[in-house]
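Visitor: model the structure of this input:
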Amino acid sequence: MARDSTDATPIESRDELVAWFEKGSKPRERWRIGTEHEKFAFTIAGHRPVPYEGAHGIEALLTGMEGLLGWEPINDGRHIIGLADPVGGGAISLEPGGQFELSGAPLSNIHETCREVHAHLAQVNEVGHRLGIAFLGVGMSPSWTRAETPMMPKSRYKIMANYMPKVGKLGIDMMFRTSTVQVNTDFSSEAEMVKMMRVSIALQPIATALFAASPFTEGRPNGFLSFRSQIWRDTDNARAGMVPFVFEPGMSFERYVDWALDVPMYFVKRGDTYHDVAGASFRDLLAGRLPQLPGERATQSDWTNHLSTVFPEVRLKRYIEQRGADGGPWSRLCALSAFWVGILYHPAALDAAWDMVRDWTQEERQALRDAVPRQALGTRFRETTVRELARQAVAISQSGLASRAVRDMSCYGRDGTEEVYLDPLHRAIDSGKTLAEEMLDKFHGAWGGRIDPIFTEYAY
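Guide: As a prediction, the model looks like this:
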């Protein structure tokens, strides 16, 4: 999330929270695609993490991007911590360890998404290289320790960093040492939202396997193919995971509100001040009886900010966020958007995907979620493997994209439909190897057990 909300409209009842979600429904012709992707900034000399301050730091990078783009600065106190596009709706923000994120504008098709990704990476490299900074596309910082990783000066991150160790062992790693790409998609009704959420949650482990790209920690193999995904299994289970209630009868906007209300809060923002209320109940704030802020009542910004601090594998806002993939090379950023749009944005494809997963049990869905961080495409499922499930899911996505028939000159230089962006996924399925396994082969082979080559071979 690029900017914490400041809407002071009071919320009087739980029903208003439900109505907030309902307003997210859009007719199909207004559906858009939003792609958010993080990347690790590193020093070209020495491949070190980039501090916030200094002539060659993240602050200077943001200032340079402001001058290049003309976007409006987002500040936290005296610090610039992001940029907002006043015209297109995109934004640049910082994750806790300096991961540099583009929250893309809402766009009409994957061709536009790919052009946005390509332009953004060219822009950050233009500014970054002048500062001795480059950018890496993987799911976890491959060599830096927690102690070496800087903390960005965002007030909410201090609150989160203090709370994380109380509720999980790996929350600090999630904040400071992981990087992801996610896709935001629309829905037209509550019923459609429910179907899309169920399909997306069931298939999220498949996406995790396809995009696995975090096999190293502190310069050595960590035993996983997506350690980023494994980290989420021990971060804060009160706000993360496969949200099984989505598959229960009666799933609705109201049911999601009730779940989110029971997720402990992190903070309440009043003016420029973040009040640490970590562990407190939003229900108490709604009723005006929050112990840390007696008499203070919930506002619309409180609700919006709270929703940005719940972290299920698929997150509902006024759109649906697909959150299961590691960050990776630029073609993978386009591929994730193509994968989910092909499945969710064509009715026949969505039906086919639901037919594929509708009889999976909660135990099977959770078993997939638990196994893919280590085994990825090799994970067993019933009488088959995740590799074959991925083949089926990508074929469904391809059919959906073909039916959309949005033709353009793609970033690959081929005049065709959006199907072209699935090429990296076809290659992974055909070879049976994830990006993580390709990296491990190089580490044990051409790299000679050294991690440094990753900063040149996988940099943007």
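Visitor: going by C-alpha atoms from here, please, whenever you check contacts or count neighbours.
Guide: OK.
Visitor: the lowest-mean-pLDDT helix or strand in the chain: what's the following helix or strand?
Guide: When each helix and strand of the chain is scored by mean pLDDT, DSSP states H and E, strand 415-416 comes last, with a mean of 78. Note on strand 415-416: by DSSP states H and E, the next helix or strand toward the C-terminus is helix 423-431.
Visitor: quick one: name whatever helix or strand follows that next one.
Guide: Next in sequence after helix 423-431, counting helices and strands by DSSP H and E, comes helix 435-444.
Visitor: how big is the angle separating that following helix from helix 423-431?
Guide: Helix 435-444 and helix 423-431 are oriented at 70 degrees to each other (axes from the mean of the first three to the mean of the last three C-alpha atoms, to 10 degrees).
Visitor: what's the mean pLDDT across stretch 246-263?
Guide: Averaging pLDDT along stretch 246-263 yields 97.
Visitor: mind saving the C-alpha coords of that stretch as PDB?
Guide: The C-alpha trace of stretch 246-263 is given here as PDB (Å, rounded to 0.1, in the frame of the first residue of the first chain):
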ATOM      1  CA  VAL A 246     -14.200 -18.500   2.300                       C
ATOM      2  CA  PHE A 247     -15.300 -22.000   1.200                       C
ATOM      3  CA  GLU A 248     -18.000 -22.300   3.800                       C
ATOM      4  CA  PRO A 249     -21.700 -21.800   3.000                       C
ATOM      5  CA  GLY A 250     -22.700 -18.200   3.500                       C
ATOM      6  CA  MET A 251     -19.400 -16.700   2.400                       C
ATOM      7  CA  SER A 252     -20.200 -13.000   1.600                       C
ATOM      8  CA  PHE A 253     -18.900  -9.500   2.100                       C
ATOM      9  CA  GLU A 254     -20.400  -9.700   5.600                       C
ATOM     10  CA  ARG A 255     -18.500 -12.800   6.400                       C
ATOM     11  CA  TYR A 256     -15.200 -11.300   5.300                       C
ATOM     12  CA  VAL A 257     -15.900  -8.200   7.400                       C
ATOM     13  CA  ASP A 258     -16.400 -10.400  10.500                       C
ATOM     14  CA  TRP A 259     -13.100 -12.100   9.900                       C
ATOM     15  CA  ALA A 260     -11.200  -8.900   9.400                       C
ATOM     16  CA  LEU A 261     -12.800  -7.400  12.500                       C
ATOM     17  CA  ASP A 262     -11.300 -10.200  14.500                       C
ATOM     18  CA  VAL A 263      -7.800  -9.700  13.100                       C
END
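Visitor: who's in contact with it?
Guide: Applying C-alpha atoms under 8 Å, 6 or more residues apart in numbering, the contact partners of stretch 246-263 are 14, 17-18, 21-22, 190-191, 194, 197-198, 238-239, 245, 281-283, 307, 310.
Visitor: for PyMOL, write the selection for the buried entries among those.
Guide: Buried residues among the contacts of stretch 246-263 (16 or more other C-alpha atoms under 10 Å), as a PyMOL selection:
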select buried, resi 17+18+21+22+190+194+197+198+238+239+281+282+283+307+310
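Visitor: re the thing from before, just checking, what packs against the least confident helix or strand of the chain?
Guide: If contacts are counted by 3 or more C-alpha pairs under 8 Å, 6 or more residues apart in numbering; DSSP states H and E, strand 415-416 sits against strand 408-409.
Visitor: partner strands of the strand it packs on and their direction?
Guide: Next to strand 408-409 in the sheet, as set by DSSP bridges, lie strand 415-416 (antiparallel).
Visitor: in contact with residue 26, which residues?
Guide: 186, 187, 188, 189.
Visitor: quick check, it in a helix?
Guide: No - under DSSP: H, G, I helix; E, B strand; the rest coil, residue 26 falls outside any helix and is assigned coil.
Visitor: which element is residue 111 on?
Guide: Using DSSP H and E, residue 111 maps to helix 110-130.
Visitor: distance between stretch 251-262 and the chain's centre?
Guide: Offset of stretch 251-262 from its chain centre (C-alpha atoms, centre = their mean, to the nearest Å): 21 Å.
Visitor: now for the contacts of residue 26: which two are most distant?
Guide: 186 and 189 (9.5 Å; C-alpha to C-alpha).
Visitor: of the two, who's got more company?
Guide: Taking neighbours as other C-alpha atoms under 10 Å, residue 186 and residue 189 compare with residue 186 leading, 26 against 14.
Visitor: tell me, how many residues neighbour the nearest residue to the more buried one once chain neighbours are set aside?
Guide: Among residues not flanking residue 186 along the chain, residue 319 sits closest, at 4.8 Å (C-alpha to C-alpha, 6 or more residues apart in numbering). Counted with other C-alpha under 10 Å, the neighbours of residue 319 add up to 22.
Visitor: pretty sure residue 319 sits against residue 187.
Guide: Yes - Residue 319 lies in contact with residue 187 (C-alpha atoms under 8 Å); the separation is 6.8 Å.
Visitor: which neighbours do the two share?
Guide: residue 24.
Visitor: who does the residue nearest the centre of the chain bridge with?
Guide: The chain has residue 182 as the residue nearest its centroid, 3.7 Å off, counting by C-alpha atoms, centre = their mean. For residue 182, the beta-bridge partners are residue 36 (DSSP bridges).
Visitor: again with residue 82
Guide: Here residue 82, judged by DSSP bridges, has bridge partners residue 74, residue 93.
Visitor: going by secondary structure, residue 321 is in what exactly?
Guide: strand 320-326.
Visitor: tell me what that strand is packed against?
Guide: Strand 320-326 packs on strand 180-185, helix 190-210, helix 227-232, strand 314-316, going by 3+ C-alpha pairs under 8 Å, 6+ apart.
Visitor: and the contacts of the least confident helix or strand of the chain?
Guide: So strand 415-416 is in contact with 406, 407, 408, 409, 410, going by C-alpha under 8 Å, 6+ apart.
Visitor: local confidence estimate at the third one?
Guide: What the model reports for residue 408 is a pLDDT of 90.
Visitor: quick check: it vs residue 114, distance?
Guide: 11 Å (C-alpha to C-alpha, to the nearest Å).
Visitor: and what of the fourth one?
Guide: Between residue 409 and residue 114 the computed distance is 11 Å (C-alpha to C-alpha).
Visitor: same question, the second one
Guide: With distances defined as C-alpha to C-alpha, the gap from residue 407 to residue 114 amounts to 13 Å.
Visitor: who has more neighbours out of those two?
Guide: Applying other C-alpha under 10 Å to residue 407 and residue 114 shows that residue 114 carries more neighbours, namely 23 against 15.
Visitor: isn't that one right next to residue 334, touching?
Guide: Yes - taking contacts as C-alpha under 8 Å, residue 114 lies within contact range of residue 334: 5.5 Å.
Visitor: show the pLDDT at residue 335.
Guide: Confidence score, pLDDT, at residue 335: 97.
Visitor: that should have said residue 4, apologies.
Guide: For residue 4, the model assigns a pLDDT of 68.
Visitor: what's the overlap in contacts for residue 186 and residue 189?
Guide: In contact with both residue 186 and residue 189: 25, 26, using C-alpha under 8 Å, 6+ apart.
Visitor: could the helices and strands packed on strand 320-326 be laid out in CSV, adding distance to residue 118 and mean pLDDT?
Guide: CSV is the format used below for those (distance: least, C-alpha to C-alpha, whole Å; pLDDT from 0 to 100):
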stretch, distance to residue 118, mean pLDDT
strand 180-185, 15, 98
helix 190-210, 21, 98
helix 227-232, 24, 98
strand 314-316, 26, 98
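Visitor: alright, I will stop here.
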